[in-house]
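Peer 1: Sequence plus predicted model, see below.
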Amino acid sequence: MHDWLKEYHPDFLHIAPKTVYNFVIALRQKYNIPLEEVGRQYFVVEELPYGQQAQADFGHHILRGTEDCRKRIHFFVMMLSRSRMKFVQFSDYPFNTLTAINAHEEAFFAPF
């Protein structure tokens, strides 16, 4: 809801997402508005040839070194769907478009 308000109302006040959440919960309780559960539909994806489908994710982790020195490490992880091979690439800097494209290409074409 918070993201939707910011997207469709550029003049929306700068408030925390939790504030919007609490307000919506209060309205639901006050007016007895039930939460509509949306079920997800699952289906089997046909098996594609090797190297044509994968699941990719980005993340980061803060490593603690000596003398309470902390370093944020960014990573890109990809699992090839057919072969189940895993690929990971680490970076000192957040991934941008160019580094993400390079990471995808390396994952598909890396020699195993």
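Peer 2: Sure thing, it's come through.
Peer 1: contacts and neighbour counts: CA atoms only from here.
Peer 2: Will do.
Peer 1: all strands of this protein, in order?
Peer 2: Counting by DSSP state E, the chain has strands at residues 54-64, 70-80, 86-91.
Peer 1: neighbours around the closest residue to His74 other than its chain neighbours, how many?
Peer 2: With Cα to Cα, 6 or more residues apart in numbering as the measure, His60 is the residue that lies nearest to His74, at 4.2 Å, once sequence neighbours are left out. Each residue near His60 was counted by other Cα atoms under 10 Å, and the total is 15.
Peer 1: Pipe the strands of the chain into TSV and attach mean pLDDT per row.
Peer 2: Output for the strands of the chain, formatted as TSV (pLDDT from 0 to 100):
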stretch	mean pLDDT
strand 54-64	91
strand 70-80	92
strand 86-91	93
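Peer 1: what's near enough to touch the closest residue to Glu47 other than its chain neighbours?
Peer 2: Ranked by Cα to Cα, 6+ apart and with sequence neighbours excluded, the top spatial neighbour of Glu47 is Arg82, at 7.1 Å. With contact set as Cα atoms under 8 Å, 6 or more residues apart in numbering, Arg82 has these partners: Glu47, Leu48, Pro49, Tyr50, Gly51, Gln53.
Peer 1: Count the residues that sit near the last one.
Peer 2: When you say that, I think you mean Gln53. Other residues within reach of Gln53 by the criterion other Cα under 10 Å amount to 15.
Peer 1: so how far is stretch 40-58 off the chain centroid?
Peer 2: In terms of Cα atoms, centre = their mean, to the nearest Å, the gap separating the centre of stretch 40-58 from the centre of its chain is 17 Å.
Peer 1: follow-up on the earlier one: just confirm the residue nearest to His74 contacts Phe75, I think it does.
Peer 2: Yes. Distance between His60 and Phe75: 5.8 Å, which falls inside the contact criterion (Cα atoms under 8 Å).
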